[in-house]
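S.K.: here is a sequence with its predicted model. Questions after.
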2 protein chains.
Amino acid sequence: MKLEVLTVSDNQEIQNSIISKIRELINYKNLEPGDKLPSERMLSDKFGVSRSNVRDAIQKLEFYGLLKSIPQSGTFVANIGVVAMNGMIEDILRLETPDFKSLVETRILLELKTVRLASLRRSEEDLKNIKEALDAYKEKALSGEDAVQEDLLFHLAIAKASRNSTMNTFMLTITPQIIIDFEKYHVCDKDQAVMGIEEHTDIYEAIKKQDPELAKQKMKDHFKALYQYCYNVK
Amino acid sequence: MKLEVLTVSDNQEIQNSIISKIRELINYKNLEPGDKLPSERMLSDKFGVSRSNVRDAIQKLEFYGLLKSIPQSGTFVANIGVVAMNGMIEDILRLETPDFKSLVETRILLELKTVRLASLRRSEEDLKNIKEALDAYKEKALSGEDAVQEDLLFHLAIAKASRNSTMNTFMLTITPQIIIDFEKYHVCDKDQAVMGIEEHTDIYEAIKKQDPELAKQKMKDHFKALYQYCYNVK
DNA sequence: CCATATTTTTTGGTTAACCAGTTTTGGAAC
DNA sequence: GTTCCAAAACTGGTTAACCAAAAAATATGG
């Protein structure tokens, strides 16, 4: 287990080092938006690493919109100037795995917004999906089983109903880590699950009534315990 | 150009189809958290696609925390139940490229929060970084040049000072697309750049004074024009 | 029959060869 | 000197062979 973590860390190091070298190259050669980077083979040769490592690094920079690979042509620097490029690569290199507090803080921010938007924009089908998620959660929680999954699916259903694809994506990306941390820190015990039913129902009713402020308040109440817990732990 | 878009779309289709098949497999075989998936070779064989396609699909599901590859052992379903797994894969398959309105809406939400947090948590070094970004923006804007990069670097400096790694990451991920859309829709003309100097300075001063509510209000003012523009366009 | 050592198989990851386009280049024709 | 075209070189993507480590199976000794 230790070894695995180590290798992952090493790979991360290698990738960051390659990203760093690509930045130096862009600076040194004064590459501007639209200019072509040296080929993957050349880079892997120059950096002394495998081509797949170079490809992975490029893919990451492509994800953040800094580079653009075109199939049989080359890799190009995106329509972004050298200043922004440097600043963003700097930030990307410093990206750390988010701590629990940061995660919860962000989740609360997002959910107070998505629940408000969902109240305003939900379709009848959205409402139906939320209701189904609520019922599934109810049943599981009442049976005394662990209902963390159904809990989060209820929240994801609200995020989907918010009709904001960016926030929906963000909720999707933080959910797995939240599940892991919840289990790690033993948040959401079973006694809270029953209380959660009432709170979830309140949120659902507010969305049904299309009352954004009420929905936001009910979500706030729902997060109250989590919020305090989170700030006590860390 | 058309062709490129087409192939990208095709690749996306292939990947989604593989993800979909993996889901069916998990459902059919009733795989639970911790269970091992068939090997990559077996999957590529069974699905009739290349192994690298399977690897890419697995990597994506790994990003969303649904699978976990362990080097010389196998790929395992994460500590997430079959219900949440299905719901999340469903959402992942439906992920669309975010529209401009969704992007701006999310950015405003994030920035109103980060500027507040930055006011409360900023270190002296954070403040220095923000000041430097502000000065760079000032200089560029006053010279009449395009200062979109320096503009966004100022905002990213604030995000960094918020000491919330998740929000910082989210700001990084949406920034490139925002730049692209800004240029596409010709937001942020040069006459706005000069006005932006004053607004940026106000925000900086509020952060310096560690006044979170003032900072939030100044950021709100800063976004006022953008907000209206965004809701008129779409 | 059990516990331990050893060989064999299986695994995700890596490397190198290959492919189908794109880009460059060299020289022929005018 | 310019234009054009074919051929060679180069490109990111794909495929298949290979690697080392981890499991699994088999053998060995008690």
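M.R.: That came through, no problem. Computed from a predicted model, the values in this text were never measured in an experiment.
S.K.: could you pull out the buried residues of the helix or strand containing A:Tyr227?
M.R.: Counting by DSSP states H and E, the element that carries A:Tyr227 is helix A:212-233. Under the neighbour-count criterion of 16 or more other Cβ atoms under 10 Å in any protein chain shown, helix A:212-233 has A:Pro212, A:Leu214, A:Ala215, A:Lys216, A:Gln217, A:Lys218, A:Met219, A:His222, A:Phe223, A:Leu226, A:Tyr229, A:Cys230 buried. All C-beta atoms are positioned from the backbone trio N, CA, C, and that covers glycine.
S.K.: residue contacts, the fourth one?
M.R.: When you say that, I think you mean A:Lys216. By Cβ atoms under 8 Å, 6 or more residues apart in numbering or on different chains, the contact list for A:Lys216 reads A:Leu112, A:Val115, A:Arg116.
S.K.: go on, the first one?
M.R.: With contacts taken as Cβ under 8 Å, 6+ apart, A:Pro212 has the following neighbours: A:Val115, A:Arg116, A:Leu117, A:Ser119, A:Leu120.
S.K.: out of these, who's nearest A:Gln59?
M.R.: A:Leu117 (32.1 Å; Cβ to Cβ).
S.K.: the helix or strand harbouring the closest one near chain B at all?
M.R.: When elements are assigned from DSSP H and E, A:Leu117 belongs to helix A:100-121. Yes - judged by Cβ under 8 Å from any Cβ of the partner chain, helix A:100-121 comes into contact with chain B at A:Ser102, A:Leu103, A:Glu105, A:Thr106, A:Leu109, A:Leu110, A:Lys113.
S.K.: with stretch A:175-194 instead?
M.R.: Yes - judged by Cβ under 8 Å from any Cβ, stretch A:175-194 comes into contact with chain B at A:Thr175, A:Pro176, A:Gln177, A:Ile179, A:Ile180, A:Glu183.
S.K.: how is the last one assigned, secondary-structure-wise?
M.R.: Just to be clear, that refers to A:Glu183. Using DSSP: H, G, I helix; E, B strand; the rest coil, the structure places A:Glu183 in helix.
S.K.: mean confidence for stretch A:158-167?
M.R.: Mean pLDDT, stretch A:158-167: 96.
S.K.: point out where chain A drops to low pLDDT.
M.R.: Applying pLDDT under 70 to chain A picks out residues A:1-10, A:188-191, A:229-234.
S.K.: so A:Asn30 makes contact with A:Met85?
M.R.: No - here A:Asn30 lies out of contact with A:Met85, judged by Cβ atoms under 8 Å, at a distance of 11.5 Å.
S.K.: more neighbours: these two, which one.
M.R.: Using other Cβ atoms under 10 Å in any protein chain shown as the criterion, A:Asn30 and A:Met85 rank with A:Met85 on top: 22 against 8.
S.K.: output the contacting helices and strands for the one helix or strand that one maps to.
M.R.: A:Met85 belongs to helix A:82-93 when assigned by DSSP H and E. Contacts defined by 3 or more Cβ pairs under 8 Å, 6 or more residues apart in numbering or on different chains; DSSP states H and E place helix A:82-93 against helix A:2-28, helix A:51-63, helix B:148-161, helix B:165-185.
S.K.: what packs against the third one?
M.R.: What it means is helix B:148-161. Short answer (3+ Cβ pairs under 8 Å, 6+ apart): helix B:148-161 packs on helix A:82-93, helix B:100-121, helix B:124-142, helix B:165-185, helix B:190-208.
S.K.: what count of nearby residues applies to whichever residue of chain A sits closest to DNA strand D?
M.R.: Relative to DNA strand D, the nearest point of chain A is A:Ser39 (3.2 Å; Cβ to the nearest atom of the strand). Other residues near A:Ser39 come to 13 when the count uses other Cβ under 10 Å.
S.K.: and it, backbone torsions?
M.R.: phi -70, psi 160 (degrees, to the nearest 10).
S.K.: can you count the residues close to whichever residue of chain A sits closest to DNA strand C?
M.R.: Here chain A gets closest to DNA strand C at one residue, A:Ser50, 2.3 Å apart by Cβ to the nearest atom of the strand. Number of residues near A:Ser50 (other Cβ under 10 Å) recorded here: 11.
S.K.: that one against A:Leu43, yeah?
M.R.: No - between A:Ser50 and A:Leu43 there is no contact under Cβ under 8 Å: 10.7 Å.
S.K.: before we move on, back to that, show me how far the helix holding A:Leu117 is from its chain's centre.
M.R.: 12 Å (Cα atoms, centre = their mean, to the nearest Å).
S.K.: report the buried residues of that helix.
M.R.: Buried-residue list, helix A:100-121, by 16+ other Cβ under 10 Å: A:100-119.
S.K.: by how many degrees do that helix and helix A:124-142 diverge?
M.R.: Relative orientation of helix A:100-121 and helix A:124-142, computed by axes from the mean of the first three to the mean of the last three Cα atoms, to 10 degrees: 130 degrees.
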